[in-house]
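Q: predicted model, plus sequence, below.
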Amino acid sequence: MSSALVRLTEVRHGWPGQPRDVLDIATLELPAGQTAFVRGPSGCGKSTLLALLAGVQRARAGRVDLLGQDWAGLSASACDRRRADHIGIVFQQFNLLPYLSVLDNVLLPCRLSALRAQRAGADAARRERAALDLLDRVGLRGDLVTRRADRLSVGQQQRVAAARALIGAPELVLADEPTSALDEARRDAFMDLLLGACAEAGSTLVFVSHDARLAPRFDHVIDLPTLNRAPQQEVA
Ligand SMILES: Nc1ncnc2c1ncn2[C@@H]1O[C@H](COP(=O)(O)OP(=O)(O)OP(=O)(O)O)[C@@H](O)[C@H]1O
(Lines give C-alpha, C1' and ligand atoms only; values in the text may rest on other atoms or scores of the structure.)
Protein backbone atom coordinates (compact mmCIF):
# COMPACT_ATOMS: atom_id res chain seq x y z
CA MET A 1 0.00 0.00 0.00
CA SER A 2 1.36 3.46 -0.86
CA SER A 3 1.79 5.98 1.94
CA ALA A 4 0.67 9.62 1.81
CA LEU A 5 3.34 11.92 0.43
CA VAL A 6 1.17 14.94 1.07
CA ARG A 7 -1.44 15.27 3.78
CA LEU A 8 -3.61 18.27 4.69
CA THR A 9 -5.48 18.15 8.00
CA GLU A 10 -8.07 20.77 9.03
CA VAL A 11 -6.34 23.44 6.97
CA ARG A 12 -7.68 26.98 6.84
CA HIS A 13 -6.02 29.76 4.92
CA GLY A 14 -6.86 33.30 3.82
CA TRP A 15 -4.79 36.10 2.31
CA PRO A 16 -3.98 39.29 4.19
CA GLY A 17 -6.61 41.93 3.49
CA GLN A 18 -9.25 39.34 2.53
CA PRO A 19 -12.24 39.24 4.88
CA ARG A 20 -12.75 35.47 4.53
CA ASP A 21 -10.71 32.32 4.28
CA VAL A 22 -10.03 31.12 0.73
CA LEU A 23 -9.50 27.50 1.78
CA ASP A 24 -11.02 25.35 4.52
CA ILE A 25 -10.11 21.71 3.89
CA ALA A 26 -10.86 18.94 6.41
CA THR A 27 -8.52 16.41 4.87
CA LEU A 28 -6.64 15.71 1.65
CA GLU A 29 -4.14 12.92 1.08
CA LEU A 30 -2.05 12.18 -1.96
CA PRO A 31 -0.21 8.87 -2.07
CA ALA A 32 3.40 8.75 -3.24
CA GLY A 33 3.72 8.30 -6.99
CA GLN A 34 0.15 9.21 -7.88
CA THR A 35 -1.18 12.04 -10.01
CA ALA A 36 -3.95 14.51 -9.20
CA PHE A 37 -5.77 16.98 -11.42
CA VAL A 38 -7.11 19.99 -9.47
CA ARG A 39 -10.05 21.76 -11.04
CA GLY A 40 -12.39 24.59 -10.12
CA PRO A 41 -13.42 28.04 -11.36
CA SER A 42 -11.11 31.04 -11.38
CA GLY A 43 -10.51 32.37 -7.89
CA CYS A 44 -11.58 29.21 -6.03
CA GLY A 45 -8.12 28.77 -4.48
CA LYS A 46 -6.23 26.34 -6.73
CA SER A 47 -3.00 28.36 -6.79
CA THR A 48 -3.37 29.02 -3.06
CA LEU A 49 -3.53 25.26 -2.49
CA LEU A 50 -0.28 24.80 -4.46
CA ALA A 51 1.37 27.59 -2.46
CA LEU A 52 0.47 25.75 0.77
CA LEU A 53 1.74 22.42 -0.60
CA ALA A 54 5.02 24.10 -1.62
CA GLY A 55 5.43 25.73 1.79
CA VAL A 56 5.48 29.14 0.09
CA GLN A 57 2.46 30.14 2.14
CA ARG A 58 1.99 29.06 5.74
CA ALA A 59 -1.53 27.79 6.56
CA ARG A 60 -3.40 29.97 9.07
CA ALA A 61 -4.54 26.81 10.87
CA GLY A 62 -4.11 23.06 10.54
CA ARG A 63 -1.29 20.89 9.19
CA VAL A 64 0.25 20.66 5.74
CA ASP A 65 2.57 17.65 5.79
CA LEU A 66 5.10 16.73 3.13
CA LEU A 67 6.88 13.41 3.68
CA GLY A 68 5.36 13.28 7.17
CA GLN A 69 6.57 16.70 8.28
CA ASP A 70 4.47 19.84 8.77
CA TRP A 71 5.79 22.95 7.02
CA ALA A 72 4.71 25.00 10.05
CA GLY A 73 7.57 23.84 12.27
CA LEU A 74 10.33 24.93 9.90
CA SER A 75 12.33 28.15 9.62
CA ALA A 76 12.24 30.08 6.35
CA SER A 77 15.66 28.75 5.32
CA ALA A 78 14.68 25.18 6.21
CA CYS A 79 11.55 25.62 4.05
CA ASP A 80 13.72 26.79 1.13
CA ARG A 81 16.03 23.77 1.50
CA ARG A 82 13.15 21.35 1.77
CA ARG A 83 11.46 22.83 -1.28
CA ALA A 84 14.67 22.62 -3.32
CA ASP A 85 15.29 19.01 -2.21
CA HIS A 86 11.84 17.57 -2.71
CA ILE A 87 9.66 19.73 -4.97
CA GLY A 88 9.69 20.67 -8.64
CA ILE A 89 7.42 23.58 -9.49
CA VAL A 90 6.07 24.82 -12.80
CA PHE A 91 4.57 28.20 -12.00
CA GLN A 92 2.01 30.02 -14.11
CA GLN A 93 4.66 32.67 -14.82
CA PHE A 94 7.48 30.07 -15.29
CA ASN A 95 9.93 32.07 -13.10
CA LEU A 96 12.92 31.32 -15.29
CA LEU A 97 16.03 33.39 -14.68
CA PRO A 98 16.03 35.54 -17.83
CA TYR A 99 19.79 36.11 -18.02
CA LEU A 100 20.68 32.41 -17.73
CA SER A 101 20.73 30.02 -20.67
CA VAL A 102 17.99 27.45 -21.11
CA LEU A 103 20.40 24.71 -20.00
CA ASP A 104 21.50 26.61 -16.88
CA ASN A 105 17.89 27.25 -15.94
CA VAL A 106 17.20 23.52 -16.07
CA LEU A 107 20.31 22.81 -13.97
CA LEU A 108 19.37 25.40 -11.35
CA PRO A 109 17.72 22.94 -8.90
CA CYS A 110 21.00 20.97 -8.86
CA ARG A 111 22.81 24.13 -7.73
CA LEU A 112 20.26 24.74 -4.98
CA SER A 113 20.06 21.16 -3.70
CA ALA A 114 22.81 18.58 -3.28
CA LEU A 115 20.12 15.89 -3.18
CA ARG A 116 18.65 16.91 -6.54
CA ALA A 117 22.18 17.17 -7.99
CA GLN A 118 23.07 13.68 -6.79
CA ARG A 119 19.89 12.22 -8.22
CA ALA A 120 20.40 13.98 -11.56
CA GLY A 121 23.91 12.57 -12.02
CA ALA A 122 27.15 11.76 -10.21
CA ASP A 123 29.13 14.57 -11.87
CA ALA A 124 28.58 17.79 -13.81
CA ALA A 125 28.80 16.07 -17.21
CA ARG A 126 26.14 13.52 -16.28
CA ARG A 127 23.89 16.22 -14.84
CA GLU A 128 24.23 18.19 -18.05
CA ARG A 129 23.30 15.10 -20.05
CA ALA A 130 20.24 14.60 -17.85
CA ALA A 131 19.21 18.23 -18.44
CA LEU A 132 19.75 17.95 -22.20
CA ASP A 133 17.74 14.73 -22.25
CA LEU A 134 14.81 16.41 -20.50
CA LEU A 135 15.04 19.38 -22.87
CA ASP A 136 15.11 17.03 -25.83
CA ARG A 137 11.99 15.30 -24.53
CA VAL A 138 10.15 18.65 -24.41
CA GLY A 139 11.31 19.38 -27.96
CA LEU A 140 14.08 21.88 -27.15
CA ARG A 141 17.43 21.06 -28.70
CA GLY A 142 20.33 22.43 -30.74
CA ASP A 143 21.02 26.17 -30.48
CA LEU A 144 17.97 26.67 -28.29
CA VAL A 145 19.61 25.16 -25.21
CA THR A 146 22.35 27.80 -25.06
CA ARG A 147 20.00 30.70 -25.75
CA ARG A 148 19.08 33.10 -22.94
CA ALA A 149 15.75 32.11 -21.40
CA ASP A 150 14.17 35.49 -22.13
CA ARG A 151 14.81 34.99 -25.87
CA LEU A 152 12.28 32.17 -26.07
CA SER A 153 8.59 32.14 -26.88
CA VAL A 154 6.14 31.76 -24.01
CA GLY A 155 5.40 28.14 -24.99
CA GLN A 156 9.13 27.35 -25.12
CA GLN A 157 9.65 28.93 -21.68
CA GLN A 158 6.83 26.80 -20.33
CA ARG A 159 8.64 23.68 -21.54
CA VAL A 160 11.95 24.81 -20.01
CA ALA A 161 10.14 25.31 -16.71
CA ALA A 162 8.83 21.74 -16.89
CA ALA A 163 12.31 20.31 -17.55
CA ARG A 164 13.64 22.32 -14.60
CA ALA A 165 10.87 20.99 -12.32
CA LEU A 166 11.65 17.40 -13.29
CA ILE A 167 15.44 17.32 -13.02
CA GLY A 168 16.75 15.29 -10.09
CA ALA A 169 13.45 13.39 -9.64
CA PRO A 170 11.75 15.41 -6.87
CA GLU A 171 9.15 13.51 -4.81
CA LEU A 172 6.50 16.15 -5.53
CA VAL A 173 5.87 18.05 -8.76
CA LEU A 174 3.47 21.00 -8.65
CA ALA A 175 2.21 22.43 -11.93
CA ASP A 176 -0.02 25.50 -12.24
CA GLU A 177 -1.60 25.83 -15.70
CA PRO A 178 1.58 24.60 -17.40
CA THR A 179 -0.07 24.01 -20.79
CA SER A 180 -1.87 27.34 -21.17
CA ALA A 181 0.46 28.63 -23.91
CA LEU A 182 0.80 25.37 -25.86
CA ASP A 183 -1.06 24.31 -29.00
CA GLU A 184 -2.84 20.96 -29.02
CA ALA A 185 0.05 18.89 -30.42
CA ARG A 186 2.59 20.47 -28.04
CA ARG A 187 0.16 20.09 -25.14
CA ASP A 188 -0.21 16.35 -25.73
CA ALA A 189 3.57 15.90 -26.05
CA PHE A 190 4.08 17.97 -22.90
CA MET A 191 1.57 15.86 -20.96
CA ASP A 192 3.25 12.66 -22.18
CA LEU A 193 6.59 13.95 -20.91
CA LEU A 194 5.28 15.22 -17.60
CA LEU A 195 3.25 12.12 -16.76
CA GLY A 196 5.96 9.78 -18.11
CA ALA A 197 8.77 11.48 -16.17
CA CYS A 198 6.74 11.53 -12.94
CA ALA A 199 5.90 7.82 -13.35
CA GLU A 200 9.57 6.95 -14.00
CA ALA A 201 10.76 8.94 -10.98
CA GLY A 202 7.87 7.86 -8.74
CA SER A 203 6.98 11.54 -8.26
CA THR A 204 3.58 12.64 -7.04
CA LEU A 205 2.10 15.20 -9.44
CA VAL A 206 -0.43 17.88 -8.50
CA PHE A 207 -1.61 19.60 -11.66
CA VAL A 208 -3.91 22.63 -11.82
CA SER A 209 -5.66 23.37 -15.10
CA HIS A 210 -8.85 24.75 -16.58
CA ASP A 211 -8.49 22.30 -19.47
CA ALA A 212 -10.98 19.57 -18.52
CA ARG A 213 -9.85 17.41 -21.47
CA LEU A 214 -6.68 16.57 -19.51
CA ALA A 215 -8.48 15.21 -16.43
CA PRO A 216 -8.89 11.57 -17.61
CA ARG A 217 -5.10 11.18 -17.74
CA PHE A 218 -4.80 11.51 -13.92
CA ASP A 219 -5.24 9.01 -11.07
CA HIS A 220 -7.37 11.47 -9.07
CA VAL A 221 -9.52 14.47 -9.94
CA ILE A 222 -9.84 16.96 -7.08
CA ASP A 223 -12.86 19.21 -7.53
CA LEU A 224 -11.73 22.02 -5.24
CA PRO A 225 -15.15 23.67 -4.67
CA THR A 226 -16.46 20.27 -3.45
CA LEU A 227 -13.48 19.67 -1.14
CA ASN A 228 -13.32 23.24 0.14
CA ARG A 229 -15.69 24.20 2.98
CA ALA A 230 -14.87 27.96 2.75
CA PRO A 231 -17.70 30.01 1.20
CA GLN A 232 -16.99 30.50 -2.51
CA GLN A 233 -16.21 34.05 -3.56
CA GLU A 234 -18.05 35.66 -6.45
CA VAL A 235 -15.82 36.03 -9.46
CA ALA A 236 -16.58 38.95 -11.77
N1 LIG B 1 -1.07 37.14 -3.16
C2 LIG B 1 -2.36 37.29 -2.87
N3 LIG B 1 -2.76 38.27 -2.03
C4 LIG B 1 -4.07 38.45 -1.71
N5 LIG B 1 -5.05 37.68 -2.21
C6 LIG B 1 -4.72 36.69 -3.05
C7 LIG B 1 -3.37 36.43 -3.44
N8 LIG B 1 -3.35 35.38 -4.27
C9 LIG B 1 -4.63 35.00 -4.41
N10 LIG B 1 -5.46 35.78 -3.69
C11 LIG B 1 -6.93 35.66 -3.59
O12 LIG B 1 -7.23 34.33 -3.17
C13 LIG B 1 -8.35 33.82 -3.90
C14 LIG B 1 -7.95 32.53 -4.59
O15 LIG B 1 -6.94 32.83 -5.56
P16 LIG B 1 -6.17 31.69 -6.34
O17 LIG B 1 -5.16 32.36 -7.21
O18 LIG B 1 -5.70 30.67 -5.38
O19 LIG B 1 -7.34 31.08 -7.23
P20 LIG B 1 -7.25 30.12 -8.50
O21 LIG B 1 -8.35 29.11 -8.34
O22 LIG B 1 -5.88 29.60 -8.67
O23 LIG B 1 -7.60 31.15 -9.67
P24 LIG B 1 -7.18 31.11 -11.24
O25 LIG B 1 -7.84 29.89 -11.81
O26 LIG B 1 -7.79 32.38 -11.78
O27 LIG B 1 -5.68 31.09 -11.32
C28 LIG B 1 -8.81 34.94 -4.85
O29 LIG B 1 -9.90 35.62 -4.24
C30 LIG B 1 -7.59 35.82 -4.97
O31 LIG B 1 -7.97 37.14 -5.17
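A: That came through fine. These figures come from a predicted structure and were not determined experimentally.

Q: rest of the way, CA atoms for contacts and neighbours
A: Noted.

Q: Ile89 touches Glu171, doesn't it?
A: No. Using Cα atoms under 8 Å, Ile89 is not in contact with Glu171; the gap is 11.2 Å.

Q: and the closest residue to Arg229 other than its chain neighbours, which of the three is it?
A: Of all residues not flanking Arg229 in the chain, Asp24 sits nearest, at 5.1 Å (Cα to Cα, 6 or more residues apart in numbering). Under DSSP: H, G, I helix; E, B strand; the rest coil, the three-state class of Asp24 is strand.

Q: ok, Asp24 - contacts?
A: Residues near Asp24 by Cα atoms under 8 Å, 6 or more residues apart in numbering: 10-13, 228-230.

Q: mind checking which of those residues are buried?
A: Among those, those classed as buried by 16 or more other Cα atoms under 10 Å are 11-13, 228, 230.

Q: out of the residues you listed, which are close to the ligand?
A: Among those, no residue lies close to the ligand (Cα under 6 Å from any ligand atom).

Q: ok, back up a step: among the contacts of Asp24, name the ones in strands.
A: Counted as lying in strands by DSSP state E, out of the contacts of Asp24, are 10-13.

Q: what bridges to Leu66?
A: Note on Leu66: beta-bridge partners by DSSP bridges are Val6, Gln69.

Q: do I have it right that it meets Ser3?
A: No. Leu66 is beyond contact range of Ser3, at 11.3 Å (criterion: Cα under 8 Å).

Q: which one's more surrounded, the two?
A: With neighbours defined as other Cα atoms under 10 Å, Leu66 and Ser3 compare such that Leu66 has more, 23 against 12.

Q: which residues touch the more buried one?
A: 5-7, 53.

Q: now do it against the ligand, distance only.
A: Noted for Leu66: a distance of 20 Å to the ligand, by Cα to the nearest ligand atom, to the nearest Å.

Q: tell me who's in contact with the nearest residue to Arg141 once chain neighbours are set aside.
A: Once flanking residues are discounted, Arg141 sits nearest to Leu135: 6.5 Å by Cα to Cα, 6+ apart. Counting by Cα under 8 Å, 6+ apart, Leu135 touches 141, 145, 159-160, 163.

Q: who wins for most neighbours among those residues?
A: Tallying neighbours with other Cα under 10 Å puts Ala163 at the head of these, with 31 neighbours.

Q: using the three-state scheme, assign the spatially most central residue of the chain.
A: For the chain, the residue nearest the mean C-alpha position is Leu174 (1.7 Å; Cα atoms, centre = their mean). Following three-state DSSP, the label given to Leu174 is strand.

Q: quickly list what it is bridged to.
A: On the basis of DSSP bridges, Leu174 is bridged to Ile89, Val206.

Q: for it, give its distance to Arg137.
A: The spacing between Leu174 and Arg137, counted by Cα to Cα, to the nearest Å, is 19 Å.

Q: with Gln34 instead?
A: Distance of Gln34 to Arg137, computed by Cα to Cα: 21 Å.

Q: please say which of the two ends up with more neighbours.
A: Gln34 (21 against 18).

Q: thought Ser203 was touching that one, still the case?
A: Yes. Assessed by Cα under 8 Å, Gln34 is found in contact with Ser203 at 7.2 Å.

Q: how far off centre is the strand or helix carrying Met191?
A: If you go by DSSP states H and E, Met191 is part of helix 184-201. Centroid separation between helix 184-201 and its chain, computed with Cα atoms, centre = their mean, to the nearest Å, is 14 Å.

Q: lovely, talk soon.
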